[in-house]
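> Quick one, what's the 3D model for this:
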Amino acid sequence: MITGLLGWTARQGRYALVAGLLAGALLPGLAEALRFAVAPLIVALLFLAVLRLGPDGLRTGAVRLPAACALTILLQLVLPLAAAAAFALAGVLEHPLARGTVLVLAAAPITGSANLALLMGAEPVAALRQLVLGTALLPLTVVPVFAVMPGFGGVGDVVLAALRLLAIISLAAGAALLLHRVMRFQPAARVLGAIDGLSAILLALVVIGLMSAIGPALHEAPLRLALTLGACFAINLPLQLLVCQLAARRDPKAAPALGIVAGNRNAALFLSILPAATADELMLFIGCFQIPMYLTPLMLGGWYRRAAARGG
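I've put the predicted structure just below:
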């Protein structure tokens with residue numbers, strides 16, 4: 001019964017994410033309570049993602065490795081450094097919108113990237129490849145970005161933060177792979193559906209926790225909220241569409257998934273390693289960024305389905 005219920009939840013995943021967004025915005029008490037659970041929930045999602053992929057799925061990261069590495073470096077290193085340079089030249093590098101933008105661009109794809117691809121009829125393999133590679137390279141790509149950003153910590157802090165992040169990723173992935181090895185885990189379709197349903201629930205809880213700054217901002221700083229939300233949409237959606245269009249010239253089949261991973265980034269993973277004052281300041285930006293991310297299946301679903309049909 002539980003497996004069937006979780007499978008149903010997986011099929012309704014896009015609506016579970018929307019429900020999380022609404023709950024986070026309209027129930028600030030719940031969002032504040034779940035805020036402190038975000039870090040362990042992210043670790044649990046990493047565990048479930050690797051459990052879902054298994055050793056065979058992780059080996060997809062070795063396919064088209066040079067091109068995948070180049071895209072990861074472009075998205076997680078070149079783009080945030082270019083954005084930081086532009087903000088520095090404009091004299092606004094320390095503004096929360098600037099710092100939030102750089103932080104998001106430095107992040108790896110969200111753990112639900114493949115699920116988003118599946119929801120929109122796109123091929124998930126490229127999303128899995130970029131998720132694995134982007135997460136694996138994150139402790140390396142994030143160091144130069146953190147080094148040039150005020151408030152993200154000094155070089156020593158950055159190195160320690162990167163090592164801590166690598167440890168979190170390694171523990172989550174290692175535990176999932178150990179479970180595969182010890183139990184010879186070969187999940188049937190119903191079990192995979194249950195894992196996807198549990199992931200959707202955890203994602204919705206993460207969304208609620210990350211929205212803890214939205215409810216108060218609705219009442220206390222509506223203009224700041226509107227500007228931050230507009231900035232998040234302006235970063236996320238055009239980046240998805242641009243990367244999808246460019247990727248379609250070389251790999252039409254993978255283009256939709258590459259668009260999805262380009263715009264939907266796991267900035268929440270940084271909350272456990274940023275200085276407390278910086279994390280608090282960026283909570284509104286990170287909360288607002290969840291909205292275009294988890295509205296992607298509703299807003300760009302038609303675009304991606306047509307792109308997938310052209311590449312299929």
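
> contacting residues around the residue nearest the centre of the chain?
With distances taken as CA atoms, centre = their mean, the residue of the chain nearest its centroid is residue 110 (2.2 Å). Taking CB atoms under 8 Å, 6 or more residues apart in numbering as the criterion, residue 110 is in contact with 116, 131, 264, 265, 266, 293. The C-beta positions use only the backbone N, C-alpha and C, and glycine is treated the same way.

> Try it again at 7 Å.
By CB atoms under 7 Å, 6 or more residues apart in numbering, the residues touching residue 110 are 264, 265, 266, 293.

> what does residue 144 give?
Taking CB under 7 Å, 6+ apart as the criterion, residue 144 is in contact with 77, 81.

> That one: what secondary structure?
Of the three states, residue 144 takes helix according to DSSP: H, G, I helix; E, B strand; the rest coil.

> how close does it get to residue 94?
Applying CB to CB, to the nearest Å, the value for residue 144 to residue 94 is 18 Å.

> So which of the contacts of residue 110 wins on neighbours?
Taking other CB atoms under 10 Å as the neighbour criterion, residue 293 ranks highest of the contacts of residue 110 with 28 neighbours.

> Farthest pair within the contacts of residue 110?
When the contacts of residue 110 are compared pair by pair using CB to CB, the two farthest from each other are 266 and 293, 9.5 Å apart.

> Show me which helix or strand of this structure is least confident by mean pLDDT.
Of all the helices and strands that make up the chain, the one with the lowest confidence by mean pLDDT, DSSP states H and E is helix 2-11; it has a mean of 70.

> re the thing from before, cross the contacts of residue 110 against helices and list the overlap.
Helix and strand membership here follows DSSP state H; of the contacts of residue 110, those in helices are residue 293.

> what's the closest of the contacts of residue 110 to residue 223?
Within the contacts of residue 110, the smallest distance to residue 223 is 22.7 Å, found for residue 293 (CB to CB).

> Just give the nearest non-adjacent residue to that closest one, would you?
Computed as CB to CB, 6 or more residues apart in numbering, the closest residue to residue 293 that is not its neighbour in sequence is residue 264, at 4.7 Å.

> which sections of the stretch 101-250 of the chain are below the confidence cut-off?
Scanning the stretch 101-250 of the chain for pLDDT under 70 picks out the ranges 154-155, 157-158, 185-189.

> mind listing the helices for it?
Counting by DSSP state H, counting those that start in this stretch, the stretch 101-250 of the chain has helices at residues 113-119, 125-148, 155-183, 189-210, 214-220, 222-248.

> any chance of the contacts of residue 110 in a markdown table, plus distance to residue 249 and pLDDT?
Shown next, in a markdown table, are the contacts of residue 110 (distance: CB to CB, whole Å; pLDDT from 0 to 100):
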| residue | distance to residue 249 | pLDDT |
| --- | --- | --- |
| 264 | 22 | 95 |
| 265 | 23 | 94 |
| 266 | 27 | 87 |
| 293 | 25 | 89 |
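
> now, which of the contacts of residue 110 sits nearest residue 89?
Compare each of these with residue 89 using CB to CB and the shortest gap goes to residue 265, at 23.6 Å.

> From residue 5, how far off is that closest one?
Taking CB to CB as the measure, residue 265 and residue 5 are separated by 30 Å.

> quick revisit: highest average neighbour count across the helices of the stretch 101-250 of the chain?
When the helices of the stretch 101-250 of the chain are scored by mean count of other CB atoms under 10 Å, the highest mean neighbour count falls to helix 113-119 (a mean of 25).

> what's the closest residue to residue 23 other than its chain neighbours in contact with, if anything?
Taking CB to CB, 6+ apart, and ignoring the residues beside it in sequence, residue 23 has residue 208 as its nearest neighbour in space, at 5.1 Å. Contacts here follow CB under 7 Å, 6+ apart; on that basis residue 208 touches 20, 23, 24, 30, 31, 34.

> Looking at the third one now. What's its pLDDT?
This means residue 24. Reading off the confidence values, residue 24 has pLDDT 80.

> Also the fourth one?
Per-residue pLDDT puts residue 30 at 86.

> Okay, and it sits in which element?
Taking DSSP states H and E as the criterion, the element that holds residue 30 is helix 28-35.

> Which positions within that helix qualify as buried?
Burial within helix 28-35, assessed by neighbour count using 16 or more other CB atoms under 10 Å, is assigned to 28, 30, 31, 32, 34, 35.

> ok, back up a step: pull the CA atoms of the helix or strand that the least confident helix or strand of the chain is followed by into CSV?
The helix or strand immediately downstream of helix 2-11 is helix 13-26, counting by DSSP H and E. Output in CSV follows, covering the C-alpha atoms of helix 13-26 (Å, rounded to 0.1, in the frame of the first residue of the first chain):
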residue,chain,number,x,y,z
GLY,A,13,5.4,15.1,-8.5
ARG,A,14,5.0,18.5,-10.3
TYR,A,15,1.9,19.3,-8.1
ALA,A,16,3.7,18.2,-4.9
LEU,A,17,6.4,20.8,-5.7
VAL,A,18,3.8,23.5,-6.3
ALA,A,19,2.1,22.5,-3.0
GLY,A,20,5.5,22.9,-1.3
LEU,A,21,5.9,26.4,-2.8
LEU,A,22,2.5,27.5,-1.7
ALA,A,23,2.9,26.0,1.8
GLY,A,24,6.3,27.7,2.2
ALA,A,25,4.9,31.1,1.2
LEU,A,26,1.6,30.8,3.1
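
> Since that was my last question, I'll sign off now.
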